[in-house]
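sequence? don't have it. structure:
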Ligand code: COA
């Protein structure tokens with residue numbers, strides 16, 4: 001199999017549909033897949049025709065987590081050098097996705113195990129199928145949820161839920177994942193792409209510069225004191241103003257106060273009326 005075949009990419013109507021494409025291996029993340037994901041993210045990040053990235057999976061799985069053979073056994077056989085290299089490759093693209101320039105949506109169609117929680121957390125929003133199955137299987141084969149996974153579940157879930165999943169390896173389905181707030185929403189599998197498209201289209205209507213600053217702020221303030229966050233948000237808003245070449249905030253106020261053409265409480269201002277594109 002060629003390296004590029006392990007991830008499929010399709011751009012349509014400003015949505016980049018990126019899918020793990022090793023269905024025969026339940027989209028387990030091998031070093032080859034991890035390297036390919038980094039290249040794909042690089043290629044898509046600043047494309048003008050991409051406004052939102054969706055991360056899905058081909059076949060019955062979203063991702064069965066790290067590849068037990070290629071990621072663990074075969075790299076361990078290469079010694080510490082091999083292990084560290086494969087860790088850098090996987091953590092590298094997870095991190096890259098966490099701070100991706102465009103908003104990102106995990107579209108979880110099926111199995112999501114262990115290491116799969118890394119990219120799940122990296123995506124800003126997550127929508128899954130009711131039929132999806134999530135589990136921290138690490139305990140079932142004798143390790144702890146590493147590679148950031150323990151941190152991910154503790155950040156996303158209350159402690160009792162995080163501990164339950166970690167210690168039991170129990171599966172939860174899509175609806176339970178939504179109730180637990182591991183994902184935003186769960187819908188029947190046959191509606192998953194439609195619903196994901198609706199959410200992506202909603203995001204495409206927003207000011208893209210504001211989206212990037214806003215999504216980064218949500219992740220950053222989590223670890224700050226209140227005063228630090230207050231100060232950081234002032235500076236980030238000023239940086240956002242600088243980067244937004246459309247002066248979106250002024251245009252947003254103008255369309256509401258002067259033109260009376262929309263209400264900010266009910267939807268976004270019309271980006272196309274701005275004097276310049278945002279970026
Ligand atoms: N690493 C390596 N190979 C994997 C894999 C993984 N994480 N998950 C699945 N595969 C491979 C299987 O070895 C099998 O390969 P083969 O056809 O060459 O024998 C193929 O993918 C299909 O898997 P199979 O188990 O037959 O599919 P299934 O649909 O019956 O079950 C799972 C799907 C996901 C429940 C099951 O494959 C599984 O438990 N995978 C491991 C999940 C896990 O613990 N991941 C690690 C998290 S860190």
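Everything's here; your move. Owing to the predicted nature of the structure, the values given are computational and were not obtained by experimental measurement. Residues are numbered from 1 along each chain as shown.

pLDDT score assigned to residue 1?
What the model reports as pLDDT for residue 1 is 59.

where are the low-confidence patches of the chain?
By pLDDT under 70, the weakly predicted segments of the chain are 1-2.

interface residues of the stretch 101-250 of the chain facing the ligand?
Residues of the stretch 101-250 of the chain found near the ligand (CB under 6 Å from any ligand atom) are 111, 113, 114, 115, 137, 138. Heads up, the C-betas are built off the backbone N, CA and C, glycines and all.

what ranges do the strands span in the stretch 101-250 of the chain?
Under the criterion DSSP state E, counting those that start in this stretch, strands of the stretch 101-250 of the chain are mapped to 104-108, 111-113, 125-129, 133-135, 172-173, 185-187.

Please tell me how far whatever residue of the stretch 101-250 of the chain ends up closest to the ligand sits from residue 141.
At 2.5 Å from the ligand, residue 114 is the closest residue in the stretch 101-250 of the chain, using CB to the nearest ligand atom. As judged by CB to CB, to the nearest Å, residue 114 and residue 141 stand 9 Å apart.

how about the residues of the stretch 101-250 of the chain next to the ligand in TSV, adding neighbour count?
Shown next, in TSV, are these (neighbours: other CB atoms under 10 Å):
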residue	neighbour count
111	23
113	25
114	27
115	29
137	20
138	22
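
For the residue nearest to the residue of the stretch 101-250 of the chain closest to the ligand when sequence neighbours are not counted, grab the count of nearby residues.
Nearest residue to residue 114 in three dimensions, chain neighbours excluded: residue 65, at 3.4 Å (CB to CB, 6 or more residues apart in numbering). Neighbours of residue 65 under the rule other CB atoms under 10 Å: 27.

ok, now residue 239?
If you count neighbours by other CB under 10 Å, residue 239 ends up with 12.

so what's it up against?
Residue 239 makes contact with residue 213 under the criterion CB atoms under 8 Å, 6 or more residues apart in numbering.

Residues touching stretch 15-23, excluding its own?
Residues contacting stretch 15-23 (CB under 8 Å, 6+ apart): 5-11, 27-30, 33, 37, 40, 44, 47, 50-63, 102, 197, 200-201, 204.

Return the set of buried residues in it.
Of all the residues in stretch 15-23, those buried under the rule 16 or more other CB atoms under 10 Å are 15, 16, 17, 18, 19, 20, 21, 22.

Show me the residues you listed that map onto strands.
Mapping the buried residues of stretch 15-23 onto strands (DSSP state E) picks out 15, 16, 17, 18, 19, 20.

which residues does the second one bridge with?
Spelled out, that is residue 16. Applying DSSP bridges to residue 16 yields these beta-bridge partners: residue 11, residue 53.

what separates residue 57 from the ligand, distance-wise?
In this view, residue 57 and the ligand are 11 Å apart by CB to the nearest ligand atom, to the nearest Å.

Pull the number of nearby residues for that residue.
Quick note: residue 57 (other CB under 10 Å) scores 27 neighbours.

got the contact list for it?
Counted by CB under 8 Å, 6+ apart, residue 57 has contacts 19, 20, 23, 27, 63, 108, 109, 110.

With residue 244 instead?
207, 209, 210, 278, 279.

Name the nearest residue to the second one, ignoring sequence neighbours.
Translated: residue 209. The spatially closest residue to residue 209, leaving aside those adjacent along the chain, is residue 244, at 4.1 Å (CB to CB, 6+ apart).

cool, the first one as well?
On the basis of CB to CB, 6+ apart, the spatially nearest residue to residue 207 that is not a chain neighbour turns out to be residue 248, at 4.2 Å.
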